[in-house]
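Colleague: here is a sequence together with a model predicted from it:
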Amino acid sequence: MTLSPSTDQGTGGARSGGGSTLRWLHLSDFHTGKDDHGQRNLFGYILKHMDRRMAGEGAPDFVFITGDIADRARSEQYEKFAEEFLLALEDKVGEGRIFMVPGNHDVDHNQEELITRAAIRQRSPEFFDPTPSGLAEREHILSRFSAYREHAQLLDKYDWLASPEGCLLRTLDVNGLSVGILGLNTAWLSEGKADQGELTPGKPLLEAGLAAIAEAKVKIVLGHHPLDWLHPNDKKPIEALLGQHRILYLHGHMHRNDAGFGYGAGNLFLTLQSGAGFQAREDEKWVNRLLWAELDIENQQLALEPRQWNKTNQEWALDGAAFPEAYRQPDAARWVFPLPGTLIPQPGKPAPAAPPATAPHSTLPRPRPFFGREGDLQKIAGWLAPENRSWGVIIEGSGGMGKTALALQAAHLAPAERFPLKLWVTTKGRELDPEGERTLSDHWVEDFFALLDELARALGRDAIPKATREERPALLRHALAERSALLVVDNLETFTFDERRRVFKLLDKLPAGCRALVTSRRRDSGSIAAHALRLDKLEREAAHELLNELAEHWPPLARLTPADRDRLYDETGGNPLLLTWTAGQLGRSTGRARTVIDAVARLQEAHRREEQDDRNDPLEFIFGDLLETFSKQETAVLSVLAHFTQPAKIEWLMPLARLSRKAAETALDSLRDRALLMEDEENNTWLLPSLATQFLRRARPEAVGKSGDRLADEIYALVQENGYQNHDRFPVLEEHWPQIAAALPVLLAGDNRRLQAACHALREFLNFSGRWDERLRLSRAAEARAEATGDRDNAGWRAYDAGWCHRLRGEAEAVLECAGRAEDHWKAAGAGAREQATAIGLRGTGHRLAGNHPTAIAAYREALELDRARSPRSEEVAISLNDLAAALQRSGELDEAERHYREGLAIARELPYPEGVAAYTGNLAELTLDRRDWPEAERLAREALALAEPVGRKELIAADCHWLAQALARQGRGGEGIGHAERAVAIFTELRSPYLAGAEETLAECRGA
C-alpha cells in the first residue's frame, strides 16, 4: 500500500510564540442551514473575535473544524458556510492552515439507503483497508458525502475521502516543530440515529495514518465523534493506538467544551472537545462555543481557553464551567493540562493527576486473614499473567479446604494496573423454593442469567439484564471487552451440570484482557482453556499460623503445646475449616471437645463414620458438637441468620431473635470468634456461611422454623401496608428488600392464601423497581404452589404475572406459553369472562411481540368483546381498547388505532381513571409521531406530561418526556428537548426499563440536532 501525505512548509500571516509553541482555534458543529439569520450573525461574531485576538497575538497556527458543517448535507448549506464564513476565515489565517473533517450531519442519509452498516460489517471485511480494494468498497457509499467533498476542495484539492488511505494526512514544520495532522471520518457508518456504539473511523485506516505521521513531534488527530460512540469491537483497539502514539484527539458532537485524559494499552492520550459553533440563536441556555489552545512543547503542557457567546454582554466570555478547577491556572483564563506521558506542575500548584479512564475498582469482599499456600498463590499469579493464554484458574477441593479464601487472596494480590476492575460473584444464593433452599428444577437457567445480570450491573451496564436471554452472554462479552477485569466465581458446584457448562462457555470466550478464578468442589467443572488447581490439606506451618490468629480471640488456644497443635493438624487432615471449628471448642465449659484429647477422639470418630459411609461429612459431625455449646442467644441469632443470603444488619436480627441489642451483639461476637460468622465491621452486617446454614437447618429445624415464621409475619404485614398501588410507599419496600428476599422462601413454604396475597401486594413494586427476574421466579414458584393446593384461580394470575415479566423482556414465545397456562388454570377453576379476556389479551401480546399483528389484533378484539359484555364502560374495556390500538398502530393502521385510543381515553375520563387518561394521551402523542406531525405530537406530549405528573407513575412521566423530546428534535429544536430527554433517560435508568435504549437515542438526536 502507498500513503500520500503532503509536506507543507506553510505560509500565512505572522505567527506568535517562540520556537516551541503552537496555537490553534478549535471549532465544531455549525449546522449551517438551520437558521440563516442567526448563523450569519454568529459567523460575524467569530470573525470579529478573530480580528481582536490577531491584533494582539497574531494569527493562530491552525484552525481545526471537527464536523457537522451543514445541517442536512445540502450543497446550498456548504455554499453559505463558505461565502459567509470559511473564505473570510482563510483570508485571516492563511492558506493551508484550516483542517476540516465531516460529522454525521454531513452525511446525506437519503443516498444508498439499502447499504446498512450491519451489511458492511458482515459482508465487507476489506471496507476499512487503506488499499485500492478498500477504496473500491467505500466507493459504494461516497455519494453520501458528495456535497461535503465538493465543499472541502475549497481548502484542499486532494479528496482524501475518495483516496485509498481514507484519511486526511499532513506533516508540517511550524515554528520549528514537526506537526502531524490526521483527519478521520467517524461518520462512515452513520445512519442518522441510534449511532452511539455503532460507529468507527476504521481501525486499519487509523493505524496506517498514524504510521504515516509517526515521526512528527506533535501528533493531532481530528474526528467528529467522542470515542464512546465507537463500536465496542473498535473502541479499545483505537484507544490503544491513540495511547501508544500519545495523541491529542480533537472532536465535537456533544455541543459543549470539554477535555480529559483517555487511556489505552497502558498509555494516556488527551481528548479535546469543542462546543457547538452554532447550536441556537444567541441565547443564554443553548450557548454557542469555541475553544482556543496553546501547546508549549518545551514545558510539555497544553493551555486551553474555552469561550462561549454571551448574549447580555455581546462578547465571547470565558466558559468557566468547561474544565475541572484543578487544572486552572491561578489568576488566568486558562486551564493547563500536561501532555500525554508527562505530569508537569502548573505554576503555584502541584502537578494534577491524570487518572486512567478505568479507575481501580473492586467488588471483592474485604481481605480476610490468610495463611500458607504461597506456592498456590504463585501458580495463580503466573496463570493470570498477560503472556499466559488461558482464561484463568479453576480451584477444586472438598468442603472447608480453603478454596474461597485462596481465590479471594489471589484476587486481592492481582495487580490493580493489570485488573482495574475486580468482580466477585458467589453462586450459593438460595432460590425461592417451597423447601427454602434448592433451585427449582424447571428454572435452573435463572441462576446462570442472574450471574450475567450481576456482572452486568457491576460493569455499569444496566441495559444488559433487560435484553433477551439469548443476547445477554454476547452483550456481556462486549461490555467486558472495554475493561481489563478479573472475575471471581465462587462455589460453582451449586449449579447444575448444564449451568456449569454455560458458565465455562462464557469464560472460554472472555476478551483477551480479562481473566477469571472459579472455585468448585466438583472435579467435572472443567475447561480445556483454564488451569486446574486441586487443593489438599493446608501446610503444617500455615496451620500453626491459623491457630495463632485464632488464639488472639480465644486465649485457651495460646496454651496449646507444639505437640497438641500437631495432633490437631494430623487429625483434621489439614482442613482449615475443620481445624478452626475444632479449635473453637477447646477450653470451653460445654461440648465434647474441651481438651485436645477429647477433640482428637471426636475427630477420629468423625473419620471412622466417613469410612463407613462417604456421605457422612466430618464437618457436619463436628458442627453437631458445636451446636451443643451454643447458648440460647447464640442459637437464636444463628436461626435468624439462616434465612439471609445477603449480609444482615443487627437491627433486623434483634426483633426476630427476641434479643436486646447488647444480647445480640454479645452472641454475634462469640460466634465470630469461633469463625462461624463473617462480619463487615464497616457496614455492621453479619452473614452465616452457606455450609453452616445447611447444617443448622438440619440440626435445629424447630429454631430455624420459628424465626422464619416471625420473619414471614413481619414481612407480610410490611408488604400489605406498603405494597399494591401505593407507589409513594415503595421506598419503604426498597429499604427492606433484603428482609423481604429472606422471607419469600418461608412464605412459599407456608399458607398458600397468604403467599398469593403477598405476591399480589409485591407485583407493582417488583415491576417498578426493575426486579423482573425476582418477580418471574416468585410468580413461577407461587404458581406451582397454588396449583399443588388446588388454587387454580391464583395459579392463573401467577401465570399471567410471569407472562407480564416475559413481555417486559420481549420474549414472545414465553408470553404465549404463560397465556396458555393461565387459560388452562382458569378453565379448571371455572373462572369467568374477566379471566378469559385477560388470558386472550396476554396471548395477543405474545403474537404482537412476535410480529404477528393480524393474529394479535384478532385476539385483542376478542378480549375487548368479552370485556364490553361484562361492563361496556369499565376500566378493563379502556385497557383492552388501548391494547388493540397499540397492535393496530404497529401494523400501520393509524386511523383505526387513533379511534380506539380516543374511545379508551373517553372512558378513562368518565370513570374517572386518571392513570388511563395520562397513559392514553401519551400513546396518542406517540401515534402522532408515527404520522410525522411534529407540532401536534409536541402538543399531545406536553398535555400527557402534565397529566402524568400528578399521577406520579414514573414510567408514564419518562415516556411522555421521551416523546416530547422526539417531537422537538424533529422540528429542529433539539436543544429544547435535551432536558426532557435527559429526564427520560434518568427515570428509565432508575426503573431498569427496556425503553432506556430508545430514550438514549433520542437524547443523542437532540444533542446532535
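Modeller: Sure, I can see it.
Colleague: how much space between E298 and R334?
Modeller: 17 Å (C-beta to C-beta, to the nearest Å). Bear in mind the C-beta positions are built from the backbone N, C-alpha and C, glycine included.
Colleague: okay, those two: which has more neighbours?
Modeller: The residue with more neighbours, out of E298 and R334, is R334; 19 against 9, by other C-beta atoms under 10 Å.
Colleague: I'd say that one and A303 touch.
Modeller: Yes: the criterion here is C-beta atoms under 8 Å, and R334 meets it with A303 at 4.5 Å.
Colleague: need the nearest residue in space to T116, chain neighbours excluded.
Modeller: Sequence neighbours aside, E191 is the residue nearest to T116 in space, at 7.0 Å (criterion: C-beta to C-beta, 6 or more residues apart in numbering).
Colleague: so which bits of the longest strand belonging to the chain are buried?
Modeller: Secondary structure of the chain per DSSP state E: the longest strand is strand 301-310. Buried positions in strand 301-310, judged by neighbour count with 16 or more other C-beta atoms under 10 Å: 301-309.
Colleague: lowest-confidence member of these, which is it?
Modeller: Lowest-confidence member of those: W309, scoring 85 (pLDDT).
Colleague: ok, it - contacts?
Modeller: Neighbouring residues of W309 by C-beta atoms under 8 Å, 6 or more residues apart in numbering: 42, 45, 282, 287-289, 315-317.
Colleague: any of the residues you listed buried? List them.
Modeller: The neighbour count (16+ other C-beta under 10 Å) marks 42, 45, 282, 287-289, 316-317 as buried among the contacts of W309.
Colleague: report the central residue of the protein.
Modeller: R461 (1.1 Å; C-alpha atoms, centre = their mean).
Colleague: for that one, give me its contacts.
Modeller: Contacts here follow C-beta under 8 Å, 6+ apart; on that basis R461 touches 475-476, 479.
Colleague: let's see it at 10 Å
Modeller: R461 sits next to 453, 455, 467, 475-476, 478-480, 482 when contact means C-beta atoms under 10 Å, 6 or more residues apart in numbering.
Colleague: swap in T855?
Modeller: Applying C-beta under 10 Å, 6+ apart to T855 gives the contacts 843-844, 846-848, 887.
Colleague: that one and L1003, how far apart?
Modeller: In this view, T855 and L1003 are 35 Å apart by C-beta to C-beta.
Colleague: same check, this time on G260
Modeller: According to C-beta to C-beta, G260 and L1003 sit 20 Å apart.
Colleague: with W229 instead?
Modeller: Taking C-beta to C-beta, one finds W229 at 13 Å from L1003.
Colleague: picking that back up, closest to V218 among the contacts of W309?
Modeller: Closest approach between the contacts of W309 and V218, by C-beta to C-beta: R289, at 24.0 Å.
Colleague: hang on, the closest one packs against S28?
Modeller: Yes: contact criterion C-beta atoms under 10 Å: R289 and S28 qualify, at 8.7 Å.
Colleague: identify the contacts common to those two.
Modeller: 252, 255, 257, 273-277.
Colleague: max pairwise distance over those: which two?
Modeller: Longest distance between any two of the shared contacts of R289 and S28 is 12.8 Å, between Q273 and G277; criterion C-beta to C-beta.
Colleague: more neighbours: the two, which one.
Modeller: Counted by other C-beta under 10 Å, Q273 and G277 do not tie: G277 has more neighbours, with 27 against 24.
Colleague: residue contacts, the more buried one?
Modeller: 26-32, 39, 42-43, 46, 65-66, 68-69, 85, 252, 255, 288-290, 309 are the contacts of G277 under C-beta under 10 Å, 6+ apart.
Colleague: in helices, which of the residues you listed fall?
Modeller: Residues of the contacts of G277 located in helices (DSSP state H): 39, 42-43, 46.
Colleague: possible to save those residues as JSON lines with pLDDT?
Modeller: As requested, the ones in helices among the contacts of G277 are exported to JSON lines (pLDDT from 0 to 100):
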{"residue": "Q39", "pLDDT": "86"}
{"residue": "L42", "pLDDT": "89"}
{"residue": "F43", "pLDDT": "92"}
{"residue": "I46", "pLDDT": "94"}
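Colleague: need these in TSV (columns: distance to L638).
Modeller: As requested, the ones in helices among the contacts of G277 are arranged in TSV below (distance: C-beta to C-beta, whole Å):
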residue	distance to L638
Q39	73
L42	72
F43	76
I46	73
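Colleague: and which of those residues is nearest A831?
Modeller: Nearest to A831 out of these is Q39 (C-beta to C-beta; 65.5 Å).
Colleague: ok, now how distant is that closest one from F644?
Modeller: Applying C-beta to C-beta, the value for Q39 to F644 is 63 Å.
Colleague: got it, and L849?
Modeller: Taking C-beta to C-beta, one finds L849 at 37 Å from F644.
Colleague: which one of those two is surrounded by more residues?
Modeller: F644 (23 against 20).
Colleague: looking at this, the more buried one is in a strand?
Modeller: No: counting by DSSP: H, G, I helix; E, B strand; the rest coil, F644 is not part of a strand but coil.
Colleague: verify the contact between it and I650 for me.
Modeller: No: F644 is not in contact with I650 according to C-beta under 10 Å; the separation is 12.0 Å.
Colleague: need the residues touching each of the two.
Modeller: Each of 685-686 lies in contact with both F644 and I650 under the rule C-beta under 10 Å, 6+ apart.
Colleague: what's the helix or strand for the closest residue to R373 other than its chain neighbours?
Modeller: Closest residue to R373 apart from its sequence neighbours, by C-beta to C-beta, 6+ apart: L406 at 5.7 Å. Assigned by DSSP states H and E, L406 belongs to helix 403-413.
Colleague: burial measure for L755, as a count.
Modeller: With neighbours defined by other C-beta under 10 Å, the count for L755 comes to 27.
Colleague: grab the nearest non-local neighbour of it.
Modeller: L747 (5.0 Å).
Colleague: what's the farthest-apart pair in the buried ones among the contacts of W309?
Modeller: Distance extremes for these: the farthest pair is L42 and A317 at 14.7 Å, using C-beta to C-beta.
Colleague: re the thing from before, just say helix, strand or coil for the residue nearest to T116.
Modeller: Here E191 takes the coil state, with states given by three-state DSSP.
Colleague: how close does it get to N110?
Modeller: Distance from E191 to N110, counting by C-beta to C-beta: 12 Å.
Colleague: domain map for the protein?
Modeller: 6-338, 363-512, 540-704, 935-1009 (automatic domain parsing).
Colleague: below-threshold pLDDT in the stretch 351-500 of the chain: ranges please.
Modeller: 351-362, 367-372, 397-402, 427-447, 462-463, 466, 482 (pLDDT under 70).
Colleague: packing partners of the helix or strand in which P738 is found?
Modeller: Element membership of P738, judged by DSSP H and E, is helix 737-749. Helix 737-749 sits against strand 648-649, helix 650-657, helix 701-722, helix 730-735, helix 752-768, helix 772-788, with contacts defined as 3 or more C-beta pairs under 10 Å, 6 or more residues apart in numbering; DSSP states H and E.
Colleague: what's the closest of the ones you listed to F419?
Modeller: Among the helices and strands packed on helix 737-749, helix 772-788 sits nearest to F419 (C-beta to C-beta), with 27.8 Å.
Colleague: packing partners for the closest one?
Modeller: Other helices and strands packing on helix 772-788, by 3+ C-beta pairs under 10 Å, 6+ apart, are helix 445-458, helix 737-749, helix 752-768, helix 792-809, helix 812-829.
Colleague: in the third one, what counts as buried?
Modeller: This points to helix 752-768. Buried residues in helix 752-768 (16+ other C-beta under 10 Å): 752, 755-768.
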